[in-house]
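> My questions concern the predicted model and sequence given below.
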Amino acid sequence: MLSYKNIVLRPICAEDIDDYIRWITVETEWRNWDAPWREIDPDSFIQKKRDALNETTNTPTKLEIETNLGEHIGWLNSSCSDDNMRRRTIGIGIPSTSQRGKGYGKNALVLFMAYLFEQLPEDMLYIHTWPGNFPMIALAVKVGFAEVERIKDCHMVRGQKYNALTFSITKMDFFARHSSVRESAGY
């Protein structure tokens, strides 16, 4: 378990499954922003979350976001996005609109990035998104990411073509901006 300011990051637990069911079936507004071109099968999505309950790794690359008051509000994930396994991309989801705009996303992303930079041999982290994902773009820029790549007409969203965007930040730039996370989180 990791904590920083008003959030806690932790592995998934059985109690989280009900939240995921609600987020995939009822509170679905987040799907307008988070890769809306990708079809999600609710049953498969929930089964993956149930399967994750049994996963154990030394460095989890998927963590849940909880407020310091104990409320589960979302998730973070990371994976290598290219064939050479050199580009570690990260993502965040806070489905409930009532939980946005309170600093939870920024603090969670900063803590997750610090954790990944400290635990993995990464010198750079990436975010892949599209121009319609205003919340992700704003958050990426707020924590120090810069756009490094744009692929024209890569995604089809609601009948319109959009570019694919890639943002990156180096480990050195990240810790220059967010040195307090090392002290606060014990790194």
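Looks like it came in fine.

> going forward, measure contacts between C-alpha atoms and count neighbours the same way
Will do.

> Low-confidence stretches in this protein?
By pLDDT under 70, the low-scoring segments of the chain are 82-85, 185-187.

> can you tell me which residues contact E149?
Applying Cα atoms under 8 Å, 6 or more residues apart in numbering, one finds that E149 lies in contact with L165, T166, F167.

> Now the residues you listed in TSV, please, with extra columns for secondary structure.
Listed next are those as TSV, based on DSSP: H, G, I helix; E, B strand; the rest coil:
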residue	secondary structure
L165	strand
T166	strand
F167	strand
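
> Switch those over to JSON lines; also include distance to W75 and neighbour count.
Below are the contacts of E149 laid out as JSON lines (distance: Cα to Cα, whole Å; neighbours: other Cα atoms under 10 Å):
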{"residue": "L165", "distance to W75": "21", "neighbour count": "18"}
{"residue": "T166", "distance to W75": "20", "neighbour count": "19"}
{"residue": "F167", "distance to W75": "20", "neighbour count": "20"}
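
> Just put these in CSV and tack on distance to E66.
What follows is the contacts of E149, written out as CSV (distance: Cα to Cα, whole Å):
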residue, distance to E66
L165, 28
T166, 27
F167, 26
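
> what's the closest of the residues you listed to K5?
Distances from K5 to those, taken as Cα to Cα, are shortest for F167 (25.1 Å).

> so what's the closest one closest to, chain neighbours aside?
Leaving aside its sequence neighbours, F167 sits nearest to E147 (Cα to Cα, 6 or more residues apart in numbering; 4.1 Å).

> tell me the secondary structure for the one you found?
Of the three states, E147 takes strand under three-state DSSP.

> need the contact list for it.
With contacts taken as Cα under 8 Å, 6+ apart, E147 has the following neighbours: L165, T166, F167, S168.

> Go through the lengthiest helix in the chain and flag the buried ones.
Of all the segments assigned as helix in the chain under DSSP state H, the longest by residue count is helix 104-119. Counting neighbours by 16 or more other Cα atoms under 10 Å, one finds that the buried residues in helix 104-119 are 104-117.

> distance between it and the chain's centre?
Average the C-alpha atoms of helix 104-119, do the same for its chain, and the two points are 9 Å apart (Cα atoms, centre = their mean, to the nearest Å).
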